[in-house]
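> everything below, folded, please.
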Amino acid sequence: MPMTSATGKKNILIVDDSAFEQRMLAELLSDEPYRFSVAYNGYQGYQLALATRPDLILLDVRMPEMDGYTACRLLKANPQTEAIPVIFLSGADAVNERVMGLQVGGVDYISKPFTPAELAARIHVHLGLMRRTDLTAPAPVPENDKAPQHPDLVFVNAVRQLILDNLGSLPKLSEIARSVGTYREKLTLMFREQTGMTVFAFIREARIARAMKLLRQTEIDVQDIALLIGFHNAGNFATAFRERMGVTPTAYRQRLLEQRNGAAPH
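Okay, the predicted model is just below:
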């Protein structure tokens, strides 16, 4: 659970590479019942969040060493920090930037410049949502009873989620590694050690699993399914699916249909 002082003040972690921005945020919120801690880049912010369990994080996007998106991926991949609400604060207001912030796990995205009243209101809303969630959720496992997750597994879990979210248009492995703050060779080693498989094997299994779900639950054409999960054409998809499942996607769907209708499969 987040660490809140005996006075009841909520702890807000500010992650921004600008000391001026840090002071400005603290001053803007000085009338609110909050305590503040600060970090100067994404990785420092991630480590500080692990150590202090803030109630909410204000996270800049553009920072050296590790940007805000990368930090958020790690925060959401670690069970000890995944529940902490993250609000992105950024001067970049392009639609794709805002969408990315929400995709990686942010609860909100506020463009600079903003008014103190708006920022305070949004923080209040998200802290209120967390309180209601705490009241309705099952009793949490005490922090002392939770085994800390292996640091490498946090990176691997972040990569797995990124892959699952982008099966249709995966970037190169080197770009995937950079998106979680590491490099290709290190990620390859971590992934094999933590999962027993290569990144590419995981991608292949994830694509087949997603294809099975789409074939089972939708009526989307096989060719469209191929594109949705990252195959350039239906022929390559059919070959990969048959190698893994023993039947073509069309035959797999037909067999499911026959089973639903009570007919004996051929």
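
> the longest helix in this structure is where?
helix 116-136 (DSSP state H).

> from the contact counts, what lies against it?
helix 19-28, strand 56-60, strand 86-90, strand 108-111 (3 or more CB pairs under 8 Å, 6 or more residues apart in numbering; DSSP states H and E). To be clear about C-beta, it is placed using only N, CA and C from the backbone, and glycine gets the same treatment.

> mind listing what's buried along it?
By neighbour count on 16 or more other CB atoms under 10 Å, the buried set for helix 116-136 is 119, 122, 123, 126, 127, 130.

> dump the helices and strands packed on helix 116-136 to TSV, plus mean neighbour count.
Formatted as TSV, the helices and strands packed on helix 116-136 follow (neighbours: other CB atoms under 10 Å):
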stretch	mean neighbour count
helix 19-28	14
strand 56-60	27
strand 86-90	23
strand 108-111	18
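
> quick check: mean pLDDT of stretch 79-86?
Stretch 79-86 shows a mean pLDDT of 94.

> list the buried residues of it.
By neighbour count with 16+ other CB under 10 Å, stretch 79-86 contains the buried residues 81, 83, 84, 85, 86.

> and the residues you listed, which is closest to residue 202?
For the buried residues of stretch 79-86, the closest approach to residue 202 (CB to CB) belongs to residue 81, at 23.2 Å.

> secondary structure element holding the nearest residue to the closest one once chain neighbours are set aside?
Spatial nearest neighbour of residue 81, chain neighbours left out: residue 75 (4.6 Å); criterion: CB to CB, 6 or more residues apart in numbering. Per DSSP states H and E: residue 75 is located in helix 68-77.

> between that helix and strand 86-90, how big is the angle?
With axes from the mean of the first three to the mean of the last three CA atoms, to 10 degrees as the basis, helix 68-77 and strand 86-90 are set at 180 degrees to each other.

> contacts for helix 68-77 next, please.
Applying CB atoms under 8 Å, 6 or more residues apart in numbering, the contact partners of helix 68-77 are 15, 42-43, 45-46, 49, 57, 59-62, 81-82, 84, 86, 88, 90, 100-101, 104-106, 154-155, 157-158, 161-162, 178-181.
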